[in-house]
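A.B. asks: Sequence plus predicted model, see below.
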Amino acid sequence: MAQDTVRVRIAPSPTGPMHVGTARTALFNWLFARKNKGVFLLRIEDTDKERSKKEHEGTILRGLEWLGLNYDEEIVRQSERGKTYQAYIRKLLESGNAFYCSHSKEELTKEKEEQTAKHEAPRHKCNFQFSIFNFQTTPKPHGIIRFKNPGGKIKFNDLVRGEIEFDAELLGDFSVAKDENTPLYNFAAVVDDFEMKVSHVIRGEDHLSNTPKQILMQRSLALPQPEYAHLSMILGSDKSKLSKRHGATAFFSYKEMGYLPDAMFNFLALLGWAPDDNKEIMTREEITEKFSLDAAQKSGAIFNIEKLDWMNGEYIRKMPLTELTKLCVPYFTDYGLRITDYDSDWLKKIVALEQPRLKKLSDIAESTRFFFQEKLDYDPQLLRWKDMNDNEIRESLGRLEKLLDEIPQEHYTKEKLGEIIMPKAEEWGRVGVKIDRGRTLWPLRVALTGLKASPGPFEVAEILGKKTCLTRLREAQYFSPTEFSIIN
């Protein structure tokens, strides 16, 4: 299509929640438009009245907004364009390029079974003479409307895959509409792409088989042909098509799980594309500047959730603490933790403690719950370090309680606590010629957090404060003796 302005579109169907594939396709279209100072359009393909739902359209709009993919013109909804499609369907019928097919469902099924038995591609080819349909003089027949396939070869240059050729004969006389008022996907897409002045159709490779049908209809209607680019499929870790069993979920759920939009934008951009320098962590501006369909890969792109977690963690660590704390608050409250002062320095200290370790925001509540609990509930066997017996555990906790009680509250900082406790841990941990500080530090950390894995005891003690630390050390000493597992 020869036109100066790049115009691209994303055209989801609101028959279910927005998924990763749609989001990636939307992102590539958006990047192509912004890189080329073009226009990014949104079309809702809602002609399937039974399955299309407003709530699904809502998830699409929220997903695009969360990802930051702003569209440039009014939304086009196919359900509002019936008269436009009717006019083009009539044009096909009147020109003889389409016809009403009177074959029954049983006849079509038999034909398909015979083709399958012969190992042929299923297709329907009418074997009677076509006549040009005249709406003024010809009674309106019944049956689905099919395109009269002229056959021949169809060649086009795909911007990702290079030159592609199809044998049109293998497509048969394919259907274009259920009736004059109900267009099917390929026909409606052709009409809308022309009416919306779409210059480039960038979509997943699962649409590649639709392209020759659309080109045939464009030719029959004397419409310009847009440029096509078919993106690689998104695959699971086992290199099969991404599905729920790979952990795939509705796209907007990634927001609810605590992934950041900038991280998801970055991650999706690298699903099927890579910059020349192979840089992975990039700003939106960098990605837009470097983006090119020439670098889009033909092979499948692996959706690696571990890489997404890593990338999201990198973005979390770069985030200002005040902003990160604000984003974490809903996850605290959803977890049932009572927070009365969302902007307190105390809450910021808790978030700062976990910021270096967070992979997604939803992890924050589980890993920091001990800060909000009045009384910890944990298996006392966690208190044992290596081969310490019950009396040694209580002795260690008792010494710690006495030591921490002597430290004034103003000295409850991780630095000062470390200066005071570490020498004692070395003194108390001397076993023969060896020094094992874990005999002091491990019971201390478990008594304060109730967890096997947690931040360091000095950082935790600073946030908990003197009173809570002493209470937890005292409570830990009164757990009933038990047969503990050895922790290495």
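C.D. replies: Arrived safely, thanks for sending.

A.B. asks: thought I463 was touching K349?
C.D. replies: Yes: taking Cβ atoms under 8 Å as the definition, I463 is a contact partner of K349 at 5.0 Å. Every residue, glycine included, has its C-beta placed from N, CA and C.

A.B. asks: ok, these two, which is more surrounded?
C.D. replies: Neighbour totals were compared for I463 and K349, and I463 leads with 20 against 15 (other Cβ atoms under 10 Å).

A.B. asks: I'd like to know how far that one sits from F372.
C.D. replies: Distance, I463 to F372, using Cβ to Cβ, to the nearest Å: 11 Å.

A.B. asks: ditto for Y331
C.D. replies: Per Cβ to Cβ, Y331 is found 12 Å from F372.

A.B. asks: Which one of the two is surrounded by more residues?
C.D. replies: Legend: neighbour count by other Cβ under 10 Å for Y331 and F372, higher for Y331 (20 against 15).

A.B. asks: mind listing what that one touches?
C.D. replies: 258, 361-362, 364-365 (Cβ atoms under 8 Å, 6 or more residues apart in numbering).

A.B. asks: now the residues you listed: which count as buried?
C.D. replies: The neighbour-count test (16 or more other Cβ atoms under 10 Å) marks 258, 361-362, 364-365 as buried among the contacts of Y331.

A.B. asks: Looking at the residues you listed, which is nearest A425?
C.D. replies: Among the buried ones among the contacts of Y331, I364 lies closest to A425 (Cβ to Cβ), at 29.1 Å.

A.B. asks: Can you give me the neighbour number for the closest residue to K53 other than its chain neighbours?
C.D. replies: Leaving aside its chain neighbours, K53 sits nearest to P14 (5.9 Å; criterion: Cβ to Cβ, 6 or more residues apart in numbering). Residue neighbour count, defined by other Cβ under 10 Å, stands at 23 for P14.

A.B. asks: Would you agree P14 is in contact with L42?
C.D. replies: No: judged on Cβ under 8 Å, P14 makes no contact with L42 at a distance of 11.5 Å.

A.B. asks: A453: neighbour count?
C.D. replies: Neighbour number of A453 under other Cβ under 10 Å is 8.

A.B. asks: What does it show for phi and psi?
C.D. replies: Backbone torsions for A453, taken as degrees, to the nearest 10, come to phi -120, psi 130.

A.B. asks: give the contact list for it.
C.D. replies: Under the criterion of Cβ under 8 Å, 6+ apart, the contact list for A453 is empty.

A.B. asks: how near is it to R472?
C.D. replies: Using Cβ to Cβ, one obtains 17 Å as the distance from A453 to R472.

A.B. asks: Q373 and L397, how far apart?
C.D. replies: Going from Q373 to L397 by Cβ to Cβ gives 19 Å.

A.B. asks: And these two? Which one has more around it.
C.D. replies: Each of Q373 and L397 has its neighbours counted (other Cβ under 10 Å); L397 has more, 24 against 14.

A.B. asks: Could you check what's spatially nearest to that one, not counting adjacent residues?
C.D. replies: In space, L397 is closest to Q477, 4.8 Å off (Cβ to Cβ, 6+ apart).

A.B. asks: I'd say the one you found and R394 touch.
C.D. replies: Yes: counting by Cβ under 8 Å, Q477 does reach R394; the two are 5.1 Å apart.

A.B. asks: re earlier: intersection of neighbour lists for P14 and L42?
C.D. replies: If you check P14 and L42 against Cβ under 8 Å, 6+ apart, no residue is contacted by both.

A.B. asks: elements contacting the helix or strand hosting R474?
C.D. replies: Using DSSP states H and E, R474 falls within helix 466-477. Secondary-structure packing of helix 466-477 (3 or more Cβ pairs under 8 Å, 6 or more residues apart in numbering; DSSP states H and E): helix 390-406, helix 438-449.

A.B. asks: looking just at contacts, which helices and strands does the first one meet?
C.D. replies: I take that to be helix 390-406. Under the contact definition 3+ Cβ pairs under 8 Å, 6+ apart, helix 390-406 sits against helix 414-428, helix 438-449, helix 466-477.

A.B. asks: Next SSE downstream of the worst-scoring helix or strand of the chain on mean pLDDT?
C.D. replies: Scoring the helices and strands of the chain by mean pLDDT, DSSP states H and E places helix 105-117 at the bottom, with a mean of 67. Counting by DSSP H and E, the next helix or strand C-terminal to helix 105-117 is strand 144-147.
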